[in-house]
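Student: I would like the atomic coordinates for the input below:
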Amino acid sequence: MTNQTYLLYIRKYSIIADDYVLYVYKVTTDNVYRVIGKIVCTSMEHIKRIDFNEWSQEREDFWKERKQTIHLYSEPKLSKDLYPLGYVNMLEKETERLSAENALLRKNAANAYQQGLDEMRELVKPEIAKEILDEVSTHYGGAWLVELYKKYGVNDAPTSP
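Tutor: Here you go, the predicted structure:
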């Protein structure tokens, strides 16, 4: 983008005048809205309104004839402005990539945990089944009980009476 020059008309509250006072600023920038945002965010005075026009010598002379001081505005450098846009974009992309990788790792960890639980259940299942079937076999018997021992992988099934 190319830089353009603007006149900003800012109405700030003055405790001396107990009213809003007009300040005229001359600023050269590639984005006047960014400058307005910085003015609003960094001003110590309450701002009622900000207007702007593209600069022309006639407009500047108009305000000078009315004894209005034209302040030169130098844009403050905020932390995001200290780095080139390409570098900031690269950091944002890297952050997105790492977030996606982190999400995948969390998903894989959850899957591995679930798989481990499933494997433990499979290992423990015959032991639990044996305890249950042994308890049942003390009260009941029959070929159906022997089949249950086989079905649940319990090797030492009691013999049928």
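Student: Please make it C-alpha for all contacts and neighbour counts, starting now.
Tutor: Will do.
Student: give me the low-pLDDT residue ranges for this protein?
Tutor: 1, 78-83, 117, 120-121, 123-126, 129, 133, 143, 145, 152-161 (pLDDT under 70).
Student: and the biggest helix by length in the chain, how far out from the chain's middle?
Tutor: Determined from DSSP state H, the single longest helix within the chain is helix 85-137. Chain-centre distance of helix 85-137: 25 Å, with C-alpha atoms, centre = their mean, to the nearest Å.
Student: Run through the neighbouring helices and strands of it.
Tutor: helix 143-151 (3 or more C-alpha pairs under 8 Å, 6 or more residues apart in numbering; DSSP states H and E).
Student: Who are the packing partners of the helix it packs on?
Tutor: Against helix 143-151 (3+ C-alpha pairs under 8 Å, 6+ apart) you get helix 85-137.
Student: Next, the angle helix 143-151 makes with the helix it packs on.
Tutor: 150 degrees (axes from the mean of the first three to the mean of the last three C-alpha atoms, to 10 degrees).
Student: And Y25, how far from G141?
Tutor: 100 Å (C-alpha to C-alpha, to the nearest Å).
Student: the more surrounded of these two?
Tutor: The residue with more neighbours, out of Y25 and G141, is Y25; 18 against 14, by other C-alpha atoms under 10 Å.
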